[in-house]
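Asks: this is the structure alone, sequence omitted:
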């Protein structure tokens, strides 16, 4: 029987824009290593597949620091540890859970990323994952010598080649290449070492990578792009796909499209896990859940929620439109194109005003939200899973650490009771948990 896959998306101090202000929230969870250790261990106690860390190489909205558009109180998610460093630090204090960190292909180079994530895969004993992104926040560009992001399509073309270089570097040495035989003095079997000599449109990389082949063959690849360019990349290279749909029919359409595209690339569709974002506001009773949701809603700063929306409006000034009027047609965004399309479709389908769209973003980052009891949360998950709309979920939490603890304490046992989720880890690597085999080394002959 197939079972759900679950990853915990740690967007500290909370995926709800006002979450960190809640009385139960740990407001400094974004920079407290002790709390990251605790959260990773809680997630592992619940047998979750992985913990998943977002990254942005900038302070979001930092143009406001120049005095032209001063920040307002209440903004969260501005500082947080570099995630590849963080997952390496979490490896020794966990045993089974996967550790996934984000790194952009737009403002990095392939050798550095291949070495960084390959190292974490070794350090963790085969539990590393790389969330391959092309960058959303325009603030990043200014930190790397650019006035704005390269064009959306150009970023994805670079990402395709970037991945290919990394994959080639991870194959630099075949299994068993490092003999380390003291008696003969043979350290390396040179017939099992390979130089990449990649020369492409964006990169020239000689290789080899100065690491042995990793415990997983290569780290698990996650990808979050849902635009057409994102789907093309994800279907070819991703093992896990983090996406955003609101209803099962949308989820199934995306699920089926990605599986079909993966098959067209010669991949086994079962080895591509579709895991849409899923945010819960949980209570032991429905009234308790709704009370927490109401408290969070009352704390939301709509100016900050509007800034979340403005980032996805392309060159259109959303502030020039009546906030209680309809969302206008938005010019194509150079940031997160699929998320922009999702917002426009939802606004049209539900007749939402600009204010309501902004609050939706501020509440769940544009992901599905379930407010209710453990039974209601499990019912929704089961409905999606049995409808073929997903292979599992990427879990978001309004704040930390209590909602994660409650999910593991209350929802995980209900899913286990229904036979929808594991009660123990099946192996030692993230690929074991996901049921995805290690890729063959392209250079190996037998």
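Replies: Perfect, thanks for sending it. The shown structure was predicted, so the numbers you read here are calculated from the model rather than taken from an experiment.
Asks: low pLDDT regions in this protein?
Replies: Within the chain, the stretches with pLDDT under 70 are 62-76, 335, 446.
Asks: helix or strand for the closest residue to residue 22 other than its chain neighbours, which one?
Replies: Excluding the flanking residues, the one nearest residue 22 by Cβ to Cβ, 6 or more residues apart in numbering is residue 399, at 5.3 Å. For every residue, glycine as well, the C-beta is placed using N, CA and C. Using DSSP states H and E, residue 399 sits in no helix or strand.
Asks: and residue 399, how many neighbours?
Replies: 27 (other Cβ atoms under 10 Å).
Asks: would you check how far apart it and residue 295 are?
Replies: 11 Å (Cβ to Cβ, to the nearest Å).
Asks: list the residues that contact both of those two?
Replies: Common neighbours of residue 399 and residue 295, using Cβ atoms under 8 Å, 6 or more residues apart in numbering, are residue 22.
Asks: give me the next element, helix or strand, following the helix or strand containing residue 84.
Replies: Residue 84 is part of helix 83-90 when elements are defined by DSSP H and E. Per DSSP H and E, the first helix or strand lying C-terminal to helix 83-90 is strand 98-104.
Asks: that next one pairs with which strands, parallel or anti?
Replies: strand 50-53 (parallel), strand 128-133 (parallel) (DSSP bridges).
Asks: dump those to JSON lines, plus distance to residue 197 and mean neighbour count.
Replies: Formatted as JSON lines, the strands paired with strand 98-104 follow (distance: least, Cβ to Cβ, whole Å; neighbours: other Cβ atoms under 10 Å):
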{"stretch": "strand 50-53", "distance to residue 197": "33", "mean neighbour count": "28"}
{"stretch": "strand 128-133", "distance to residue 197": "23", "mean neighbour count": "27"}
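Asks: switch the ones you listed over to a markdown table; also include distance to residue 12.
Replies: What follows is the strands paired with strand 98-104, written out as a markdown table (distance: least, Cβ to Cβ, whole Å):
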| stretch | distance to residue 12 |
| --- | --- |
| strand 50-53 | 9 |
| strand 128-133 | 16 |
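Asks: between those strands, which gets nearest to residue 180?
Replies: strand 128-133 (23.3 Å; Cβ to Cβ).
Asks: which parts of whatever helix or strand comes next after that closest one are buried?
Replies: Scanning forward in sequence from strand 128-133 by DSSP H and E, the next helix or strand is helix 139-142. Across helix 139-142, burial judged by 16 or more other Cβ atoms under 10 Å covers 139-141.
Asks: between those, which is closest to residue 310?
Replies: Nearest to residue 310 among these, counting by Cβ to Cβ, is residue 139 at 12.9 Å.
Asks: what's the closest non-adjacent residue to the closest one?
Replies: Nearest non-adjacent residue to residue 139, counting by Cβ to Cβ, 6+ apart: residue 58, 3.6 Å away.
Asks: quick one: the one you found from residue 77, how far?
Replies: According to Cβ to Cβ, residue 58 and residue 77 sit 12 Å apart.
Asks: could you tell me the end-to-end distance of stretch 185-201?
Replies: Taking Cα to Cα, to the nearest Å, the first and last residues of stretch 185-201 lie 41 Å apart.
Asks: re earlier: now for the strands paired with strand 98-104, which one comes closest to residue 300?
Replies: Going by Cβ to Cβ, the one of the strands paired with strand 98-104 nearest residue 300 is strand 50-53, 24.1 Å.
Asks: roughly how far out does that closest one sit from the chain middle?
Replies: 7 Å (Cα atoms, centre = their mean, to the nearest Å).
Asks: which strand or helix spans residue 233?
Replies: Residue 233 belongs to helix 228-237, assigned by DSSP H and E.
Asks: could you point out which element follows that helix?
Replies: strand 240-241.
Asks: that next one: how far from the chain's middle?
Replies: That offset, for strand 240-241, works out to 8 Å (Cα atoms, centre = their mean).
Asks: distance between the helix or strand following it and the chain's centre?
Replies: Next along the chain after strand 240-241, taking DSSP H and E as the criterion, comes helix 248-264. Centroid displacement of helix 248-264 relative to its chain, using Cα atoms, centre = their mean, is 18 Å.
Asks: packing partners of helix 248-264?
Replies: helix 228-237, strand 273-274, helix 374-386 (3 or more Cβ pairs under 8 Å, 6 or more residues apart in numbering; DSSP states H and E).
Asks: for it, buried residues please.
Replies: Neighbour-count burial for helix 248-264 [16+ other Cβ under 10 Å]: 248, 250-252, 254-255, 258-259, 261-262.
Asks: report the contact partners of residue 25.
Replies: Contacts of residue 25 by Cβ under 8 Å, 6+ apart are 13-14, 19, 399-400, 402.
Asks: and these, which of them are buried?
Replies: 13-14, 19, 399-400, 402.
Asks: which of these lies closest to residue 215?
Replies: Looking across those and measuring by Cβ to Cβ, the closest to residue 215 is residue 400, at 29.6 Å.
Asks: hmm, back to that, state the pair within the buried ones among the contacts of residue 25 that is farthest apart.
Replies: The widest separation within these (Cβ to Cβ) is 12.2 Å, between 13 and 402.
Asks: other SSEs contacting the top helix by length along the chain?
Replies: Using DSSP state H, we find that the single longest helix of the chain is helix 152-170. Applying 3+ Cβ pairs under 8 Å, 6+ apart, one finds that helix 152-170 contacts helix 110-124, strand 128-133, strand 198-199, strand 204-205, helix 228-237.
Asks: can you redo these as a markdown table with distance to residue 268?
Replies: Formatted as a markdown table, these follow (distance: least, Cβ to Cβ, whole Å):
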| stretch | distance to residue 268 |
| --- | --- |
| helix 110-124 | 22 |
| strand 128-133 | 19 |
| strand 198-199 | 26 |
| strand 204-205 | 29 |
| helix 228-237 | 12 |
